[in-house]
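Visitor: predicted structure and sequence below. I'll ask about it afterward.
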Amino acid sequence: MHTLARSPLAVVQYGLDLAVTEWNESAARQLGIPRQDAIGRPVAELLPTPEDEGLWRRLLDEDSGERRLRHARGDGGEVVCAWAHHRVLDARGEAAGVLCIGRDVTAEIEVLRRQAEQQEILRAVVTNLDVIVWASDRRGVFTYVDGKGLAASGVKPSQLVGRSIFDVYKEHETVGLRRALQGEQLHNVSDVNGKPIESWFVPIEDERGEVDAVVGITLNLTESRRVEQELRERLSLIERQQQVIRQLSTPILQVWRGVLALPMIGVVDSARTADVMDSLLQAVVRTGARFALLDLTGVDAVDTKTASYLVDLVRAIRLLGAEGIITGIRPSVAQTVVSLGLDLAEITTLSDLQAGLKHCIGRTLSEERARGAGSPGAR
């Protein structure tokens, strides 16, 4: 617990009487309540949950889990914390209290709210304004077509999805797309069927810097040129927000010297696991970490390909000279691993994040003592 007290995550522990017994400095910062004002007070008084008044007492009888709760800070503000809770057992294996480890996800929640808001704005624009919004893949095949402006051409939303733009339109009408597929972002005004049309072509690059898709916007200038410019800015904002969300959804935390932790929460699919693998391996090299904890406490299920990725990730960590440890495997995830016949004999798996931290800290201290005993000054 002394080590957890220095953790960058909020650590709150309470006993059978619901009185707080531990409130580390991170909890004090996140919740705006000094440690000396929290110790000994009822946890329900410090962290009230009006929507579920019996929550803290019920956790005494529940296994480990994760919840997101909104709290009033001591300074009058608000904070949203993702709490992973673990029962503390006595020597007889009976509940003696609950240990809660929290991460401030206020910014993440706000980004999600803003993304939903921007998506609603986009939907309102394509539904009510005389515009057409479309997207193509790297081959020039429509992947999205929508907008009120389609009505004038007699085309229904998504009717062209799956068709090649080069087959649908004439050669001179696809020049802008061809240039966009080469990486050029362009904007032009042309005359189509006697109407002035303003068009934008925005190449979207993948992680290698290659054009993976093109987003296009077509506007009938006779009605809504000003609105089209606003739409372009909205699309750009949504793209940036999605990037922020991808970064926030896989936080890599340095919880002790030489120890990285990656708490994974929610749906873990193959695409997200591939992103995690790249980010975590880079973090191991950058920080010179000795241990990397993959905490699956907040993950209910994974697909079969994802389970294989996780095992490959631990092996890749070992190639970098560090030890990968998996904690908090839930029964449904364990069943997937067993059904695949994956060999975890060489991989350390522990019940929860707390056990993983204790393991890493113990190994680190033992190695430091061994090096100290072998040095000339120790004789």
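Guide: That came through, no problem. Residues are numbered from 1 along each chain as shown.

Visitor: pull the number of nearby residues for Gly54.
Guide: Neighbourhood size, Gly54 [other Cβ atoms under 10 Å]: 9. Where you see a C-beta, it was placed from the backbone N, CA and C, and this is true even at glycine.

Visitor: and it, how far from Glu62?
Guide: Separation of Gly54 from Glu62 (Cβ to Cβ, to the nearest Å): 12 Å.

Visitor: same thing with Val259?
Guide: With Cβ to Cβ as the criterion, Val259 and Glu62 are 27 Å apart.

Visitor: what about these two, which has more around it?
Guide: Using other Cβ under 10 Å as the criterion, Val259 and Glu62 rank with Val259 on top: 25 against 13.

Visitor: contacting residues for the more buried one?
Guide: Applying Cβ atoms under 8 Å, 6 or more residues apart in numbering, we find Val259 in contact with Ala289, Arg290, Phe291, Ala292, Leu293, Leu357, Cys360, Ile361, Thr364.

Visitor: report pLDDT for the last one.
Guide: Among the per-residue scores, Thr364 holds a pLDDT of 85.

Visitor: quick thing: my sequence starts at 28, can you match it?
Guide: In the new numbering, first residue 28, that becomes Thr391.

Visitor: correct me if wrong: it contacts Arg284.
Guide: Yes - using Cβ atoms under 8 Å, Thr391 makes contact with Arg284 at a distance of 7.3 Å.

Visitor: same drill for these two, tell me which one is more crowded.
Guide: Thr391 (16 against 12).

Visitor: the residue nearest to Ala54 when sequence neighbours are not counted pairs with what?
Guide: Nearest non-adjacent residue to Ala54, counting by Cβ to Cβ, 6 or more residues apart in numbering: Ala37, 3.8 Å away. Here Ala37 shows beta-bridge partners Gly129, assigned using DSSP bridges.

Visitor: and the pLDDT at Ala37?
Guide: 92.

Visitor: run a quick neighbour tally on it.
Guide: Count around Ala37 with other Cβ under 10 Å applied: 23.

Visitor: ok, now Val238?
Guide: Residues lying near Val238 (other Cβ under 10 Å) number 16.

Visitor: leaving out the residues flanking it, which one is nearest to it?
Guide: Pro230 (4.5 Å).

Visitor: in the strand or helix carrying that neighbour, what's buried?
Guide: Secondary structure from DSSP states H and E places Pro230 in strand 222-232. Buried residues in strand 222-232, counted by 16 or more other Cβ atoms under 10 Å: Ile224, Glu225, Ser226, Trp227, Phe228, Val229, Pro230.

Visitor: equivalent analysis for stretch 367-384, please.
Guide: Result for stretch 367-384 [16+ other Cβ under 10 Å]: buried residues Leu369, Ile374, Thr375, Thr376, Leu377, Asp379, Leu380, Gln381, Ala382, Gly383, Leu384.

Visitor: how about stretch 147-154?
Guide: Buried-residue list, stretch 147-154, by 16+ other Cβ under 10 Å: Leu149, Val152, Val153.

Visitor: okay if I get those residues as CSV plus secondary structure?
Guide: Shown next, in CSV, are those (DSSP: H, G, I helix; E, B strand; the rest coil):
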residue, secondary structure
Leu149, helix
Val152, helix
Val153, helix
